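Asks: this one's structure only:
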């Protein structure tokens, strides 16, 4: 059997993204961050798949809300999450450690701890498909709010993600591109690539389709939170070159909170 995997993007709630991963030729499926059960069950049924595992990136309800109902349908499925979140995830069966490699239906995913949004936030890196599932740490042209972590932790986590290969596709937890793009333009006004990406996403959404998944290379060019060292961004914030990257990042996150 082939280990080629297919990744299906599922819209849920108001603006959440959930993901269904299945290997070519297999009837088993892995579900990432089931916000609610019904869209997942519909996708599983439509593709004649059976859920064997849930991967939760963190404990927030809009990422785990479908766990219980899905487990009623598939009681033998594993539920994996960060070891920090084990007591906070409905139905959790295994708390993973940073750097741990998990194998489900012959698909291997590396677990990368990326605290900041929450203490237990974790990413799942599917190297064979050049894909990383990042929850609410990294968004297209944005990053998550700091509910439990510090700016220094979040910047460190983002840099861990930036160390992945440039072609890695970033599967995030929400569709926030429109507002993120407006903020990115406000703090990086000369960057024409921001509007290009914003137009691309706006067209897809207006057509009722899923926007193209950005790569890490894309985000390195248009996401201000990945570029606190950038002189143009610093100038727009009124910061000099001797201000620390963490201070610049903190200012970006503070401004985005009220944008």
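Replies: Noted; the coordinates are in hand. Predicted model, so just to flag it, every value in this text is computed and none were measured. Residues are numbered from 1 along each chain as shown.

Asks: Quick check: bridge partners of residue 169?
Replies: Under the criterion DSSP bridges, residue 169 forms beta bridges with residue 131, residue 215.

Asks: What is the burial count for it?
Replies: Residues lying near residue 169 (other Cβ atoms under 10 Å) number 17. Any C-beta I mention is one placed from the backbone N, CA and C, and that applies to glycine too.

Asks: Which residue, other than its chain neighbours, is closest to residue 181?
Replies: Closest residue in space to residue 181, ignoring its immediate chain neighbours: residue 198 at 3.7 Å, by Cβ to Cβ, 6 or more residues apart in numbering.

Asks: same check, this time on residue 135
Replies: residue 57 (2.8 Å).

Asks: Mind pulling up the pLDDT for the residue nearest to residue 181?
Replies: Looking at residue 198, its pLDDT reads 89.

Asks: Tell me the buried residues in the lowest-mean-pLDDT helix or strand in the chain?
Replies: When the helices and strands of the chain are compared on mean pLDDT, DSSP states H and E, helix 192-206 comes out lowest with a mean of 91. For helix 192-206, burial by neighbour count (16 or more other Cβ atoms under 10 Å) applies to 194, 197, 198, 201.

Asks: Of all pairs in these, which one is the farthest apart?
Replies: 194 and 201 (10.9 Å; Cβ to Cβ).

Asks: Overlap in contacts, these two.
Replies: By the contact definition Cβ atoms under 8 Å, 6 or more residues apart in numbering, residue 194 and residue 201 are jointly contacted by residue 181.

Asks: State the number of residues packed around the residue nearest to residue 97 when sequence neighbours are not counted.
Replies: Nearest non-adjacent residue to residue 97, counting by Cβ to Cβ, 6+ apart: residue 83, 5.8 Å away. Residue 83 is flanked by 17 other residues according to other Cβ under 10 Å.

Asks: Show me where the stretch 51-200 of the chain dips below the pLDDT cut-off.
Replies: Counting by pLDDT under 70, the stretch 51-200 of the chain contains no low-confidence segment.

Asks: Helices of that one, start to end?
Replies: 61-64, 67-73, 151-162, 177-187, 192-206 (DSSP state H, counting those that start in this stretch).

Asks: Could you dump these into CSV with distance to residue 256 added?
Replies: Compiled in CSV, the helices of the stretch 51-200 of the chain are given as follows (distance: least, Cβ to Cβ, whole Å):
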stretch, distance to residue 256
helix 61-64, 19
helix 67-73, 30
helix 151-162, 12
helix 177-187, 5
helix 192-206, 14
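
Asks: Ok, which of the ones you listed comes nearest residue 239?
Replies: helix 177-187 (10.8 Å).

Asks: Now do the buried residues in that closest one.
Replies: 177, 180, 181, 183, 184, 185, 187.

Asks: Can you check what angle separates it from helix 192-206?
Replies: 160 degrees (axes from the mean of the first three to the mean of the last three Cα atoms, to 10 degrees).

Asks: My guess is residue 166 contacts residue 214. True?
Replies: No: using Cβ atoms under 8 Å, residue 166 makes no contact with residue 214, being 11.3 Å away.

Asks: so who does the residue nearest to residue 181 touch?
Replies: By Cβ under 8 Å, 6+ apart, residue 198 lies in contact with 141, 177, 178, 181, 182, 185.

Asks: Quickly name whichever of the residues you listed is closest to residue 71.
Replies: Distances from residue 71 to these, taken as Cβ to Cβ, are shortest for residue 177 (31.8 Å).

Asks: quick one: contacts of stretch 74-81?
Replies: Contacts of stretch 74-81 with the rest of the structure, by Cβ under 8 Å, 6+ apart, involve 50-59, 67, 70-71, 89-96, 102, 104, 120, 122.

Asks: Narrow those to those in strands?
Replies: Mapping the contacts of stretch 74-81 onto strands (DSSP state E) picks out 50, 51, 52, 53, 54, 55, 94, 95, 96, 102, 104, 122.

Asks: Neighbours of the last one, how many?
Replies: Which is residue 122. Around residue 122 there are 30 residues (other Cβ under 10 Å).

Asks: if we can go back for a sec, TSV for the ones in strands among the contacts of stretch 74-81, including distance to residue 34?
Replies: Formatted as TSV, the ones in strands among the contacts of stretch 74-81 follow (distance: Cβ to Cβ, whole Å):
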residue	distance to residue 34
50	15
51	9
52	13
53	11
54	6
55	10
94	17
95	18
96	17
102	17
104	15
122	16
